[in-house]
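Visitor: Sequence plus the predicted model coming up.
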Amino acid sequence: MAIIKNLSVVISPAQQAAILADLNNVLTTLNSIQIITLSPSEKDNTAAVAEGRAPYVLKAVNVLGPQFPALVSAAITTAAATNALVSWTFLKDVQVLLTEINDRSGDLGLNLQNTTWNYTRQLYKNGQEFEGDLVGADVVVRELKGAFEGMGPQGGGEPTV
């Protein structure tokens, strides 16, 4: 869907509280399981399952390890690998949902930023046009000029009303 011109929505205090409480509950629950904080270097250098290798990992954990227990390492048991696989699969599902949440909130937020920026630009433009003629126009120009003068291109062409 394209930008909705001059979109304005209300996210009620009850909706805000519910969203934040639910997200905090997810974070609290994840933290109660295990907190892992990897450095950028650790993230770059840790062996993980590439998408093309996932079927082989599934087969190793679900079929081959149980079928040939003498070949299973004592360091990582089949039970531990199974628990890790089930949890990893679940967390992939969580990541998909979080990505959707991030995309939806980001897109809505960008659209709302566009509305407030258009409002501000139009207010400033009107202030400039009516400076000296309407009460408050000089105040608007003085207070908002920092957002426009010397800030480079403002994008989006003329404000929309």
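Guide: Yep, that arrived.
Visitor: alpha carbons only for contacts and neighbour counts from here, please
Guide: Noted.
Visitor: Gly65 and Pro55: what is the separation?
Guide: 14 Å (C-alpha to C-alpha, to the nearest Å).
Visitor: Sorry, slip of the keys, the one I care about is Pro40.
Guide: The spacing between Pro40 and Pro55, counted by C-alpha to C-alpha, is 27 Å.
Visitor: residue closest to the middle of this protein?
Guide: Averaging the C-alpha coordinates of the chain gives a centre point, and the residue nearest to it by C-alpha atoms, centre = their mean is Asn102 (3.0 Å).
Visitor: hmm, back to that, among Gly65 and Pro55, which residue is more densely surrounded?
Guide: Under the criterion of other C-alpha atoms under 10 Å, the comparison of Gly65 against Pro55 puts Gly65 first, with 19 against 11.
Visitor: State the number of residues packed around Gln16.
Guide: Burial of Gln16, expressed as a neighbour count using other C-alpha under 10 Å, amounts to 12.
Visitor: I meant Lys145, not that one.
Guide: Residue crowding around Lys145 was assessed by other C-alpha under 10 Å; the count is 15.
Visitor: Scan the protein for its longest helix.
Guide: For the chain, the helix that runs over the most residues, judged by DSSP state H, is helix 78-130.
Visitor: Quick one: distance of the helix or strand following that one to the chain centre.
Guide: Using DSSP states H and E, the helix or strand that follows helix 78-130 in sequence is helix 137-144. Going by C-alpha atoms, centre = their mean, to the nearest Å, the spacing between the C-alpha centre of helix 137-144 and its chain's C-alpha centre is 35 Å.
Visitor: Would you mind pulling the contact partners of helix 137-144?
Guide: Contact with helix 137-144 is made by Leu123, Tyr124, Asn126, Gly127, Gln128, Phe130, Glu131, Gly132, as judged by C-alpha atoms under 8 Å, 6 or more residues apart in numbering.
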